[in-house]
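Participant: With the sequence up front, the predicted model follows.
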Amino acid sequence: MHELSIAQALVEQVEAARLANGGGRVVSVEIRVGEWRQVVPEILKSYFDHLSKGTPMEAARLEIDHVAASARCGSCSEVFALDDIFLICPACGSRACELLTGGELDLVGLELDT
């Protein structure tokens, strides 16, 4: 499960950000995850909780903002929501499409109790 490696990287990023901002206890962590990342939120939260035990981020809330997938057609410039795993323009049928949203995996916020 790739959620474990994501949780490990997240814990490392949060710790680096915590230290860069004066330390203290981590109250909450906010991330943005695109639906094409295929992350199961409950599993990610479970790994995050497990990996943060005994650290200043133990008991921190992990808030996950979900980002829907969308794409733009390179042939006709149609912007469309992705309903399945195929990047095919619903307007012209072209496969020359680029993913606009849905691939995000970002740490966007951190609340510290200093």
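Facilitator: That came in fine, so what should we check first? Residues are numbered from 1 along each chain as shown.
Participant: Show the contacting residues for residue 11.
Facilitator: 48, 51, 52, 55, 57 (Cβ atoms under 8 Å, 6 or more residues apart in numbering). (Glycine included, C-beta is placed from N, CA and C.)
Participant: Now with 7 Å, please.
Facilitator: Residue 11 makes contacts with 48, 51, 52, 57, as judged by Cβ atoms under 7 Å, 6 or more residues apart in numbering.
Participant: which one of those sits closest to residue 79?
Facilitator: When the contacts of residue 11 are compared for distance to residue 79 (Cβ to Cβ), residue 48 wins out at 33.2 Å.
Participant: Can you tell me which residue is spatially central in this structure?
Facilitator: Here the mean C-alpha position of the chain is nearest to the C-alpha of residue 33 (Cα atoms, centre = their mean), at a distance of 2.5 Å.
Participant: helix, strand or coil for that one?
Facilitator: Following DSSP: H, G, I helix; E, B strand; the rest coil, the label given to residue 33 is strand.
Participant: Mind pulling the model confidence for it?
Facilitator: According to the model's per-residue confidence, residue 33 sits at a pLDDT of 97.
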